[in-house]
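J.: Got a predicted model here, sequence first, then my questions.
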Amino acid sequence: MPTSDWMLAPGERGNTATRLEHRRADGAAWSEGNEARPLVHGATYFAELLARVRAMRAGDLLLFTDWRGDPDERLRGPGTEVAAVLGAAARRGVIVKGLLWRSHLDGFRFSEKENRSLSEDIEAAGGECLLDLRVRPGGSHHQKMVVLRHPGHPERDVAYVGGIDLCHNRNDDADHRGDRQSVPLAPRYGPHPPWHDVQLALSGPVVGDIEAVFRERWEDPAPLSRSPLVRLRERLAREDVSADALPPQEPDPPPCGTHAVQVLRTYPNRLLRGYPFAPDGERSIARGYLKALLRARTLIYLEDQYLWSPRVVDCFARALRMSPRLRLVAVIPTVPEQDGLLTGPMNLIGRITALEELGRAGGDRVAVYGLENHASTPVYVHAKVCVIDDVWAAVGSDNVNMRSWTHDSELSCTVLDQAADRRRPLDPGGLGDGARPFARELRLELMREHLDAGAAVGEGAGSPGAEALCDPSTAFDRLGESAAALDAWHAAGRRGPRPAGRLRRYVAPRLPTVRRLLATPPHHALVDPDGRPLGMRLRGGF
């Protein structure tokens with residue numbers, strides 16, 4: 001199977017200005033020989049990141065971007081606060097460089113104060129952390145990456161990409177009792193919202209690609225903000241607004257695994273002057289999904305924070321119509337993070353219409369679930385994961401909506417394992433691609449957790465029950481049976497032992513016609529805006 005059947009071939013990214021198109025002498029649009037490891041849950045990611053950063057020494061390079069960074073968020077316990085760990089690295093002589101979204105005002109429930117505080121702490125320790133507002137109006141920098149380079153020891157190099165910010169709420173584990181350092185969400189999530197998330201740990205040549213993404217933003221000569229008010233505040237606060245030069249980029253780390261990895265992004269079409277590395281924006285995340293979905297035949301497994309744009313889920317609906325055997329499983333938050341009188345409908349209207357479209361396309365071949373922990377508290381699903389036919393997998397910062405596919409800066413990695421998975425069915429899609437270990441095991445790991453298969457049921461990776469989940473039809477049915485049992489237990493007043501599993505069938509709330517009409521314009525303008533050039537909008541493409 002040619003890798004180009006699933007991944008974007010040279011030129012298909014739609015942005016020739018990025019150095020990602022020109023990094024390799026052979027012109028390849030992805031890197032091979034990598035090892036990608038999914039780190040499920042913030043606690044897993046934070047523990048590894050802490051150990052890796054503490055092992056860095058003078059002359060090593062630490063680069064990071066984030067949507068929100070809380071200086072006091074503990075990676076593991078007392079003394080492991082984000083600012084303390086990054087500051088200690090800078091004081092040891094590690095070159096620490098960060099780009100944080102400057103954020104909107106705290107009065108709008110964003111993270112202006114936290115991001116500014118983390119930036120100041122890193123600068124005080126000898127690192128450099130800029131507050132970046134080079135976005136479209138109302139947009140954000142949503143990329144979450146950390147790159148660790150070790151000159152002279154490339155075998156230690158690693159990059160982290162996914163949905164997990166270095167901030168409050170994220171440090172949760174498989175028990176989903178929530179991060180003790182919490183920011184409130186909707187009341188149903190309780191004082192410490194349970195949090196489900198995924199990050200990728202990447203080793204091999206792809207680390208050089210992730211570093212190149214950082215360098216493109218870092219070396220952008222445009223001012224960090226176009227706003228006169230923000231620039232006045234920068235001057236008054238004596239903020240660092242000029243990026244110091246980075247050391248030359250080291251050669252890519254050597255091959256170390258069997259994974260082909262492609263780095264995909266979203267950048268908006270900025271008004272007036274665009275990004276030098278994406279003059280008309282970049283929508284390679286959208287293009288990557290569109291290409292992979294053309295080959296979907298048996299199962300799309302999706303975990304997503306939003307799943308609420310009909311204009312985006314149309315490509316999933318087309319796949320369902322094209323392939324009558326295809327099924328779709330989506331795991332999403334049961335309750336929006338904000339459920340006020342105005343914010344609730346604004347968040348729900350896009351999801352309601354999107355799920356209606358998927359239902360029309362797939363009927364009972366579409367199953368949508370929310371998660372809860374064993375105390376029956378909803379789990380906030382922040383993961384951004386997609387697995388298609390146990391072949392192609394994507395993990396990133398992007399959600400399935402127009403904002404993530406066109407408007408904010410996003411970063412995602414698609415993984416195609418070049419080894420074959422020997423568990424049956426050998427070729428779920430029936431196109432000769434064959435199942436691949438990375439994609440299949442990622443799906444199984446997530447499904448096992450949601451089914452309580454493992455500690456609660458005694459089904460490890462090699463057990464007959466776990467093997468049965470390899471079959472897409474069996475897995476689809478098992479999820480449905482588990483959710484039905486848990487729903488019935490709740491309906492009966494929670495009498496008797498709680499059934500195994502954490503899935504609840506998601507039922508979209510009904511919005512009266514007037515509220516739908518009132519919520520739709522602000523949803524498109526504020527919640528899920530379109531960042532494409534006008535001509536592309538009119539053509540309906542990405």
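T.: Yes, it's here.
J.: Now do the SS call for residue 406.
T.: helix (DSSP: H, G, I helix; E, B strand; the rest coil).
J.: where are the low-confidence patches of the chain?
T.: 104-111, 340-342, 455-466 (pLDDT under 70).
J.: one more time with 80, if that's ok
T.: 1, 103-112, 231-234, 236-237, 240, 339-344, 347, 454-466 (pLDDT under 80).
J.: and stretch 368-385, C-alpha only, in PDB?
T.: What follows is stretch 368-385, C-alpha atoms only, in PDB (Å, rounded to 0.1, in the frame of the first residue of the first chain):
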ATOM      1  CA  VAL A 368     -22.500   8.900  19.800                       C
ATOM      2  CA  TYR A 369     -21.500   8.600  23.500                       C
ATOM      3  CA  GLY A 370     -20.600  10.700  26.500                       C
ATOM      4  CA  LEU A 371     -18.400   9.500  29.300                       C
ATOM      5  CA  GLU A 372     -18.800   9.400  33.100                       C
ATOM      6  CA  ASN A 373     -16.600   8.200  35.900                       C
ATOM      7  CA  HIS A 374     -17.600   5.500  38.400                       C
ATOM      8  CA  ALA A 375     -19.200   8.200  40.600                       C
ATOM      9  CA  SER A 376     -21.500   9.000  37.700                       C
ATOM     10  CA  THR A 377     -19.900  12.400  37.200                       C
ATOM     11  CA  PRO A 378     -19.600  13.400  33.500                       C
ATOM     12  CA  VAL A 379     -16.100  13.300  32.100                       C
ATOM     13  CA  TYR A 380     -15.100  16.200  30.000                       C
ATOM     14  CA  VAL A 381     -13.700  14.800  26.700                       C
ATOM     15  CA  HIS A 382     -11.000  17.100  25.500                       C
ATOM     16  CA  ALA A 383      -9.200  14.500  23.300                       C
ATOM     17  CA  LYS A 384      -8.800  15.000  19.600                       C
ATOM     18  CA  VAL A 385      -8.400  11.600  18.100                       C
END
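J.: can you pull the buried residues of it?
T.: 368-373, 377-385 (16 or more other Cβ atoms under 10 Å). (Glycine included, C-beta is placed from N, CA and C.)
J.: nearest to residue 255, of those residues?
T.: residue 385 (25.0 Å; Cβ to Cβ).
J.: Could you measure from that closest one over to residue 92?
T.: Distance of residue 385 to residue 92, given as Cβ to Cβ, to the nearest Å: 35 Å.
J.: Residue 307 now?
T.: 43 Å.
J.: Settle it for me: which of those two has more neighbours?
T.: residue 307 (25 against 17; other Cβ atoms under 10 Å).
J.: give the contact list for that one.
T.: 313, 330, 332, 351, 354-355, 368, 399-401 (Cβ atoms under 8 Å, 6 or more residues apart in numbering).
J.: hmm, 6 Å instead?
T.: 330, 332, 400 (Cβ atoms under 6 Å, 6 or more residues apart in numbering).
J.: Then residue 402?
T.: 309, 311-312, 528, 530 are the contacts of residue 402 under Cβ under 6 Å, 6+ apart.
J.: Check those and tell me the two furthest apart.
T.: Between any two of those (Cβ to Cβ), the greatest distance is 10.3 Å, for 312 and 530.
J.: The two - which one has more neighbours?
T.: A count of neighbours by other Cβ under 10 Å puts residue 312 above the other of residue 312 and residue 530, at 24 against 20.
J.: Does that one lie in a helix or a strand, and which?
T.: Taking DSSP states H and E as the criterion, residue 312 maps to helix 310-322.
J.: which element follows that helix toward the C-terminus?
T.: Counting by DSSP H and E, what follows helix 310-322 is strand 327-331.
J.: Okay, buried residues for that next one please.
T.: Result for strand 327-331 [16+ other Cβ under 10 Å]: buried residues 327-331.
J.: Could you dump these into CSV with distance to residue 513 added?
T.: Formatted as CSV, the buried residues of strand 327-331 follow (distance: Cβ to Cβ, whole Å):
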residue, distance to residue 513
327, 32
328, 28
329, 30
330, 26
331, 29
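J.: Check the burial of residue 137 by counting its neighbours.
T.: Around residue 137 there are 10 residues (other Cβ under 10 Å).
J.: what residues are up against it?
T.: With contact set as Cβ under 6 Å, 6+ apart, residue 137 has no partners.
J.: run the last query once more with 10 Å
T.: 226-227, 268, 270-271, 529 (Cβ atoms under 10 Å, 6 or more residues apart in numbering).
J.: strands paired with the helix or strand hosting residue 379, and their directions?
T.: Residue 379 belongs to strand 378-381 when assigned by DSSP H and E. With DSSP bridges as the test, strand 378-381 is paired with strand 195-196 (parallel), strand 366-372 (antiparallel).
J.: after the first one, next one along is what?
T.: The one in question is strand 195-196. By DSSP H and E, the next helix or strand past strand 195-196 is strand 198-203.
J.: export that next one as PDB, just CAs?
T.: C-alpha atoms of strand 198-203 as PDB (Å, rounded to 0.1, in the frame of the first residue of the first chain):
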ATOM      1  CA  VAL A 198      -4.400  12.300  24.700                       C
ATOM      2  CA  GLN A 199      -0.900  13.500  23.700                       C
ATOM      3  CA  LEU A 200       1.600  11.900  21.300                       C
ATOM      4  CA  ALA A 201       5.200  11.300  22.200                       C
ATOM      5  CA  LEU A 202       7.300  11.300  19.000                       C
ATOM      6  CA  SER A 203      10.800  10.100  18.400                       C
END
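J.: So residue 37, which state does it fall into?
T.: Assignment for residue 37 (three-state DSSP): strand.
J.: hang on, the earlier thing: ranking the contacts of residue 137 by neighbours, who comes first?
T.: Result: residue 268 is most packed of these (other Cβ under 10 Å), 27 neighbours.
J.: Please report how far that residue lies from residue 394.
T.: Applying Cβ to Cβ to residue 268 and residue 394 gives a distance of 20 Å.
J.: One more: residue 350?
T.: Distance from residue 350 to residue 394, by Cβ to Cβ: 21 Å.
J.: Please say which of the two ends up with more neighbours.
T.: Using other Cβ under 10 Å, the more surrounded residue of residue 350 and residue 394 is residue 350, with 26 against 23.
J.: With adjacent residues omitted, what lies nearest to the more buried one?
T.: Nearest non-adjacent residue to residue 350, counting by Cβ to Cβ, 6 or more residues apart in numbering: residue 308, 3.4 Å away.
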